[in-house]
Every structure is written in structure tokens, then in C-alpha cells.
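**Student:** Take this sequence and fold it.
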Amino acid sequence: MIGNTLSIGIQGIQDGMVGMENAARKIARGGVDGPQGTAEGAGNLIEPIVDLKIYERSVEASAQVVKTADETLGTLLDIMA
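**Tutor:** Purely as a prediction, here's the structure:
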């Protein structure tokens with residue numbers, strides 16, 4: 001059961017990192033895709049910036065899942081030893 005929790009946490013970290021990478025690419029292209037200095041160009045950046053923050057929080061939450069599962073496994077091993 002703990003192994004499954006670790007797998008879910010690791011998968012969440014990997015998915016979040018991919019999402020962050022995609023959002024960062026959109027931000028980097030923001031000045032190229034939309035007219036620079038216009039509200040439309042700035043509007044193109046709002047969504048990827050928000051996405052980047054959401055994926056960052058997702059990675060943090062998944063890392064906490066992995067940390068908790070690791071601590072639980074350590075405690076169980078200590079009890080069995």
C-alpha cells in the first residue's frame with residue numbers, strides 16, 4: 001500500500017514538472033506569439049503564469065505525499081526491527 005502511495009506521489013511530481021515545463025515554454029514564447037506591449041500580448045501570458053503556479057503547488061503537494069509515505073515506511077521498519 002505504501003509502495004502504491006509512493007508511486008502516486010512520484011507520478012504527481014513528474015506530471016507537475018511536465019506541466020511546469022510547458023507553461024514556462026508558453027511564457028517564453030509570450031512575447032513572440034502576441035503583439036508586444038499590447039493588452040492582447042499581456043493577456044497571452046496570464047494563463048501560463050497561473051498554470052505555472054498551479055503546477056508548482058501540485059509538485060509541492062506530491063512531494064509531501066512522497067515524504068509522508070517515506071516517513072511512514074521508516075516508522076514501520078523501526079517497529080518491525
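
**Student:** Do a quick rundown of the helices in this protein.
**Tutor:** Using DSSP state H, the helices of the chain run over 2-33, 39-80.

**Student:** Adding mean pLDDT and mean neighbour count, write these out as JSON lines.
**Tutor:** The way it works is simple: take the backbone N, C-alpha and C, and place the C-beta from them, glycine included. As requested, the helices of the chain are arranged in JSON lines below (pLDDT from 0 to 100; neighbours: other C-beta atoms under 10 Å):
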{"stretch": "helix 2-33", "mean pLDDT": "91", "mean neighbour count": "14"}
{"stretch": "helix 39-80", "mean pLDDT": "90", "mean neighbour count": "13"}
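
**Student:** is it true that Thr5 touches Val65?
**Tutor:** Yes. Look at Thr5 against Val65 with C-beta atoms under 8 Å: they come within range, at 6.5 Å.

**Student:** Excluding chain neighbours, what is closest to Glu47?
**Tutor:** Lys26 (7.7 Å; C-beta to C-beta, 6 or more residues apart in numbering).
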